[in-house]
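Visitor: dropping a prediction and its sequence here:
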Amino acid sequence: MKILLLIPFYTGSHKAWADGFKKYSNHEVEIFHLSGKHWKWRMHGAAISFAEILAKSDFKPDRIFATDMLHVAVFKALAKTDVPIYTYFHENQLTYPWSPTDEDTDKGRDKHYGFINYTSALASDKIFFNSKFHKDSFLKAARAFLKVMPDYQNLSSIDQIAAKSEVLYLGMDLQKFDSYKVKRQNEVPIILWNHRWEYDKNPEEFFEALIKLKEKAINFKLIVIGQSYAKVPVIFETAKKQLEDRIIHFGYADSFEAYATLLHKADILPVTNIQDFFGGSIVEAIYCGVYPLLPNRLTYPELLPETVHLEHIYKEALIDKLENTLQNWDGNYDSTILTKHMSQFDWRKIVDRYDSKF
């Protein structure tokens, strides 16, 4: 079967996912993509661009597989295609926490992008969400969104969307981390941050906890990696100064080798994120043997087997959970169970499930 992937935002996890599906799928997969910048314009304009590209292409797909940044209804109208269109939701703008520094915060445009996601879901033939949490939270938010409309709320459309929605976990190339595996021999436990340097990852709670633990003379080292953008939360610079004597690495890993090596070196992954529809960076760290401390929210309880929730899912303040973990750390954590559990997301294991959907 011929599948056309439409990727309006071809960078980061979106690019890795698209490339992975093309590489491991047994179908013939072609990717049309636009550069990974100007996400708001992509949600408006990508449909026009892709309709034009498709019209000039010799590739005749049996299925079109788009991501959530495509305005599917507009694309369908302009492309004049009867090819079934499936949409994969990496995230959505109805439940994504809005940045207080966003230039459009006072203009109310955030609701407009959520509406694009809603109509795209309605216009799609099938919808896949990267976690059960994502699926459930989107459907709930979409219903609440329509209920505030003055009339003709079309609430039954949410039932239509739900009926064609499924959970299809993110495919990842995890086995490429294996060649960088080393035996950990850290005398002092190493704490890891490996997320984007943005507000939705809640860096204030993370670093403030570490600063307080340092003040209490609790020993640890620190690795901070991840992609940063023009507007980096000020807490990163504060933490770099106040935790200077604890830092092993602080900044972007300039190669996969560097990134994988740092993950295999770290011991403990305390997570404070207020947004994660799946949690790719968390899965990578856990797969590499890092001990996770995840909050009891979002997708995290879903990522881990229930048998380990008591140990790895915290309900109290992070600082309390982390302090207890550090004080009792002996370096003998056996990651076998969780590494195996994370391996279910490797493309080599999950791709057959993807292929069967088409």
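Guide: Now that the structure is in, tell me what you want to look at.
Visitor: roughly how far is the worst-scoring helix or strand of the chain on mean pLDDT from the heart of the chain?
Guide: When each helix and strand of the chain is scored by mean pLDDT, DSSP states H and E, helix 109-123 comes last, with a mean of 90. Chain-centre distance of helix 109-123: 19 Å, with C-alpha atoms, centre = their mean, to the nearest Å.
Visitor: that one packs against which elements?
Guide: The helices and strands touching helix 109-123, judged by 3 or more C-beta pairs under 8 Å, 6 or more residues apart in numbering; DSSP states H and E, are helix 39-56, helix 72-79, strand 85-89, helix 132-147, helix 156-163. (C-beta placed from N, C-alpha, C; glycine too.)
Visitor: ok, which of these comes nearest Y169?
Guide: helix 132-147 (9.2 Å; C-beta to C-beta).
Visitor: in the closest one, what counts as buried?
Guide: Using 16 or more other C-beta atoms under 10 Å as the burial criterion, the residues of helix 132-147 that qualify are 133-135, 137-139, 141-143, 145-146.
Visitor: make CSV from those and add pLDDT and distance to S13 to it.
Guide: Listed next are these as CSV, based on pLDDT from 0 to 100; distance: C-beta to C-beta, whole Å:
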residue, pLDDT, distance to S13
F133, 98, 17
H134, 98, 14
K135, 98, 18
S137, 97, 19
F138, 97, 18
L139, 98, 23
A141, 96, 22
A142, 97, 23
R143, 97, 28
F145, 95, 25
L146, 96, 29
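Visitor: ok, which pair from these is furthest apart?
Guide: Spatial extent of these (C-beta to C-beta) is set by the pair F133 and L146 at 20.8 Å.
Visitor: remind me which residues of the protein are low pLDDT?
Guide: 98-110 (pLDDT under 70).
Visitor: what residues go with each domain of it?
Guide: 2-168, 175-344 (automatic domain parsing).
Visitor: would you list these in CSV and tack on distance to S356?
Guide: Below are the domains of the chain laid out as CSV (distance: least, C-beta to C-beta, whole Å):
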stretch, distance to S356
domain 2-168, 10
domain 175-344, 16
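Visitor: out of the ones you listed, nearest to K357?
Guide: domain 2-168 (6.8 Å).
Visitor: distance between the closest one and the chain's centre?
Guide: 15 Å.
Visitor: ends of that domain, how far apart?
Guide: End-to-end distance of domain 2-168 (C-alpha to C-alpha, to the nearest Å): 20 Å.
Visitor: so where does M149 fall, helix or strand?
Guide: M149 belongs to no helix or strand when assigned by DSSP states H and E.
Visitor: that older thread, so which of the domains of the chain gets nearest D355?
Guide: Of the domains of the chain, nearest to D355 by C-beta to C-beta is domain 2-168, at 5.4 Å.
Visitor: for K183, state which of the buried residues of helix 132-147 is nearest.
Guide: F133 (34.6 Å).
Visitor: surely Y252 meets S228?
Guide: Yes. With contact defined as C-beta atoms under 8 Å, Y252 and S228 form a contacting pair (6.6 Å).
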